[in-house]
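J.: Provide a 3D model corresponding to the input given below.
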Amino acid sequence: MTRGFTAGRLKLGSMLLGSAFAFAISVAIWTGTASAAEGPTELAPPSVSAAPRDGQRVKADKGDWSGQHPVAYSYSWSRCDASGNACSPLPSATHPTRKVVHDDVGYTLRVTVTVSDASGQSSDTSAPSEVVAPVALRKGKAPVVSGSPADGQLLSVGGGTWKGTPPDSFTYEWQSCVRGGACTTIPGADGPSYRAASAQIARRLRVIVTATNDLGSLSVASKRTKPILAGAPVNTAPPSIAGSLQEGQALTADAGQWAGTGPISFTYQWLRCLPVGGGCQEIPGAEQATYTASGLDFASDLAVVVSAANAQGTASATSPETQPILGILPTNTVLPSIAGVLQDGGLLSVASGVWSGTEPIAYSYQWQLCNALGEACKAIEGATGGSLKLDPSEIGKTLEVLVTATNVAGSSTVATPMTGLIAGILPKNTAAPTIGGALKGLQTLTATAGSWSGSEPISFSYQWQLCGVLGNACVDIAKATGASFPIPLLDVGNTLRVLVTATNVAGSTSQPSAVTGLIAGVL
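T.: Coordinates of the predicted model:
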């Protein structure tokens, strides 16, 4: 509200003017009246009619105002909290009366009156109203039960209306009624929906809906349904699959939960599905409640379709897909083995043994060289094939092979039994030793070892022998064990030969040279 004067100015006016004029000014101060140039003066504030209630009309009293005629009034309503604070304007409420709405319950109302005349306008806001009170519930339209009246079918109630302050909550009581007779409460049926059960066949159903607001409760019954009929199976909880999701493991289907008139029988069809929504195909012959996952199921999901049947019809429901079926890690059932000749230069091969697990299974190999006791084994570099050719460095040692079997589930490794010692090959003469030099006394002869086969390295030793005129009755010459031999004069008229002994890790072999001719004397 606009006020036209300060206290100081009013005192000055009372001194200068007569008593009548001073009295008029005093009235202006008491009423808060603005000067003529500032709009109408308020003589009494606006107010709101007492005890507003939900759905009723509330009236604004504009208060008392003085001003130059004609005087116009406008109204603006606000909704405030219970103490009259935190007000929010109601934009469409611009009349001196307003119908209280449901949203006003629990709040107060205030009205602002704006007064206009030729000199301007003034305004003031009323004190808050009393808290808007709710009104009791009264019956409107009765609730209606919807859905098929058959065993196993889900029925729902809705459509009811109530007059008065809207309900804060609802409760429900489903009842089973004898035709033309009394109704009895169905235990546990206390929600807005109910699935008809076999016990209600030939009976009618109704629902008592109780609405509650701050002033109390009101119960209204729906009309009775038609008689409940026997019903075909209805799935109320989907089938499920239990068991280890691995090839070779047995899985079991649970039929889920079903409503409908009994007896109900069930059949099953298992499905193999591509992961991530790739579609499912029936597994031929998989028509029992249990199914053993096979290698064909690896990395696929499984699902099961359960079909329920009774005298009224059939229905099907599909379980959620499982996670992908896992493969079986390779397991060795017969050890791998090594075949071949365990001798220098021999060719060995490895047999993978027998394995179980998800096919296909791939095999890899690592040959290992071990000491004579089968210990301190080390991998032979590059020896990763199915066969191995032995070389002299392996003589006197043992071998094993690590066989690794790999499939989609992973890898497993086992070792072959240890071999025996790898043997060398005895030296074998392939070209006889020879003797070179002049067959005369005091001349030096030289022996060559000839040619030999066998495990390398081969070392050679020599023994010169003195033989008779005919090249027989050969005997060793003492200390004549080098590759060369100086002929003493004593040997003149006899013959000679050399005995070459070849030695390797496998042993020794000796081979004599041919006998020389007669040793000539010295001139």
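J.: hey, where'd the strands end up in the stretch 301-450 of the chain?
T.: Under the criterion DSSP state E, counting those that start in this stretch, the stretch 301-450 of the chain carries strands at the ranges 301-310, 313-318, 331-334, 337-340, 347-351, 354-356, 362-370, 378-379, 387-389, 398-407, 410-415, 428-431, 434-436, 444-448.
J.: so what does the last one touch, helix or strand wise?
T.: Other elements packing on strand 444-448 under the criterion 3 or more C-beta pairs under 8 Å, 6 or more residues apart in numbering; DSSP states H and E are strand 434-436, strand 484-486, strand 495-504. Using the backbone N, CA and C atoms, a C-beta is placed for each residue, glycine as well.
J.: looking at those strands, which is closest to residue 40?
T.: Within these, the stretch nearest residue 40 is strand 495-504; the backing value is 136.6 Å (C-beta to C-beta).
J.: so which residues of the protein form helices?
T.: Taking DSSP state H as the criterion, the chain contains helices spanning 7-16, 19-31.
J.: buried deepest among the helices and strands packed on strand 444-448, which one?
T.: Each of the helices and strands packed on strand 444-448 was scored by mean neighbour count; the highest is strand 495-504, a mean of 21, by mean count of other C-beta atoms under 10 Å.
J.: partners of it, with directions?
T.: strand 459-467 (antiparallel), strand 507-512 (antiparallel) (DSSP bridges).
J.: quick one: distance of the shortest one to the chain centre.
T.: Think strand 507-512. Centroid separation for strand 507-512 versus its chain: 75 Å, with C-alpha atoms, centre = their mean, to the nearest Å.
J.: what lies in contact with that strand?
T.: Counting contacts by C-beta atoms under 8 Å, 6 or more residues apart in numbering, the residues outside strand 507-512 that touch it are 426-429, 432-433, 450, 452, 454, 465, 474, 497-502.
J.: quick one: contacts for residue 77?
T.: Contacts were defined as C-beta under 8 Å, 6+ apart; by that measure residue 77 touches 60, 89, 90, 93, 94, 98, 109, 110, 111, 112.
J.: which of the residues you listed lies closest to residue 254?
T.: Using C-beta to C-beta as the measure, the one of the contacts of residue 77 that approaches residue 254 most closely is residue 90, at 58.7 Å.
J.: quick one: the closest one and residue 79 touch, right?
T.: Yes. Counting by C-beta atoms under 8 Å, residue 90 touches residue 79, with 5.9 Å between them.
J.: what is in contact with the two at once?
T.: Going by C-beta under 8 Å, 6+ apart, no residue sits against residue 90 while also sitting against residue 79.
J.: buried ones in stretch 349-357, by neighbour count?
T.: By 16 or more other C-beta atoms under 10 Å, the buried positions in stretch 349-357 come out as 350, 351, 352, 353, 355, 357.
J.: need the distance between the two termini of it.
T.: Start and end residues of stretch 349-357 are separated by 24 Å (C-alpha to C-alpha, to the nearest Å).
J.: if any of the contacts of residue 77 are buried, put those into a PyMOL selection.
T.: Applied in PyMOL, the following selects the buried portion of the contacts of residue 77 according to 16+ other C-beta under 10 Å:
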select buried, resi 60+90+93+98+109+110+111+112
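J.: what's the neighbour count on the closest residue to residue 403 other than its chain neighbours?
T.: The spatially closest residue to residue 403, leaving aside those adjacent along the chain, is residue 336, at 4.3 Å (C-beta to C-beta, 6 or more residues apart in numbering). By the other C-beta atoms under 10 Å criterion, the neighbourhood of residue 336 contains 22 residues.
J.: ditto for residue 447
T.: The number of residues packed around residue 447, counting by other C-beta under 10 Å, is 24.
J.: quick check: closest non-adjacent residue to it.
T.: Sequence neighbours aside, residue 498 is the residue nearest to residue 447 in space, at 4.2 Å (criterion: C-beta to C-beta, 6+ apart).
J.: what's near enough to touch the most centrally placed residue in the chain?
T.: With the centre of the chain defined as its mean C-alpha position, the nearest residue by C-alpha atoms, centre = their mean is residue 323, 9.0 Å away. Under the criterion of C-beta under 8 Å, 6+ apart, the contact list for residue 323 reads 245, 301.
J.: cutoff 10 Å now
T.: Applying C-beta atoms under 10 Å, 6 or more residues apart in numbering, we find residue 323 in contact with 245, 275, 301, 302.
J.: ok, and the most crowded of those residues?
T.: Neighbours here mean other C-beta under 10 Å. Within the contacts of residue 323, the largest count is held by residue 302, at 25 neighbours.
J.: wait, it touches residue 275, no?
T.: No. Applying C-beta atoms under 10 Å, one finds residue 302 not in contact with residue 275, separated by 11.1 Å.
J.: now list whatever residues contact both of the two.
T.: Counting by C-beta under 10 Å, 6+ apart, the contacts common to residue 302 and residue 275 are 321, 323, 324.
J.: looking at those, which one is closest to residue 438?
T.: Closest to residue 438 out of the shared contacts of residue 302 and residue 275 is residue 324 (90.9 Å), distances taken as C-beta to C-beta.
J.: count of residues packed around that closest one?
T.: A count of neighbours around residue 324, defined by other C-beta under 10 Å, yields 17.
J.: now do the contacts for the residue nearest to it when sequence neighbours are not counted.
T.: Spatial nearest neighbour of residue 324, excluding adjacent residues (C-beta to C-beta, 6+ apart): residue 299 at 5.1 Å. For residue 299, the residues meeting the contact criterion (C-beta under 10 Å, 6+ apart) are 274, 275, 324, 325, 326, 327, 358, 408.
J.: ok, the third one to residue 270 distance?
T.: Which is residue 324. Distance of residue 324 to residue 270, given as C-beta to C-beta, to the nearest Å: 15 Å.
J.: try the fourth one
T.: Taken as C-beta to C-beta, the spacing of residue 325 relative to residue 270 amounts to 12 Å.
J.: what sits in contact with each of those two?
T.: Between them, residue 325 and residue 270 share the neighbouring residues 251, 293, 297, 302, with contact defined by C-beta under 10 Å, 6+ apart.
J.: using TSV, lay out the helices and strands packed on strand 444-448 together with distance to residue 84 and mean pLDDT.
T.: Output for the helices and strands packed on strand 444-448, formatted as TSV (distance: least, C-beta to C-beta, whole Å; pLDDT from 0 to 100):
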stretch	distance to residue 84	mean pLDDT
strand 434-436	137	97
strand 484-486	137	96
strand 495-504	119	97
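J.: now these as JSON lines including distance to residue 415?
T.: Compiled in JSON lines, the helices and strands packed on strand 444-448 are given as follows (distance: least, C-beta to C-beta, whole Å):
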{"stretch": "strand 434-436", "distance to residue 415": "50"}
{"stretch": "strand 484-486", "distance to residue 415": "53"}
{"stretch": "strand 495-504", "distance to residue 415": "30"}
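J.: so for residue 204, which of the ones you listed sits nearest?
T.: Taking C-beta to C-beta as the criterion, strand 495-504 is the member of the helices and strands packed on strand 444-448 that comes nearest to residue 204, at 109.3 Å.
J.: look up how far residue 303 lies from the nearest residue to residue 309 once chain neighbours are set aside.
T.: If the residues on either side of it in the chain are set aside, residue 309 comes closest to residue 265, at 5.3 Å by C-beta to C-beta, 6+ apart. As for residue 265, its distance to residue 303 is 21 Å (criterion: C-beta to C-beta).
J.: residue 161 too?
T.: With the distance defined as C-beta to C-beta, residue 161 ends up 45 Å from residue 303.
J.: and the two? Which one has more around it.
T.: residue 303 (18 against 12).
J.: list the contacts for the more buried one?
T.: Per C-beta under 10 Å, 6+ apart, neighbours of residue 303: 239, 241, 253, 269-273, 280, 318-322.
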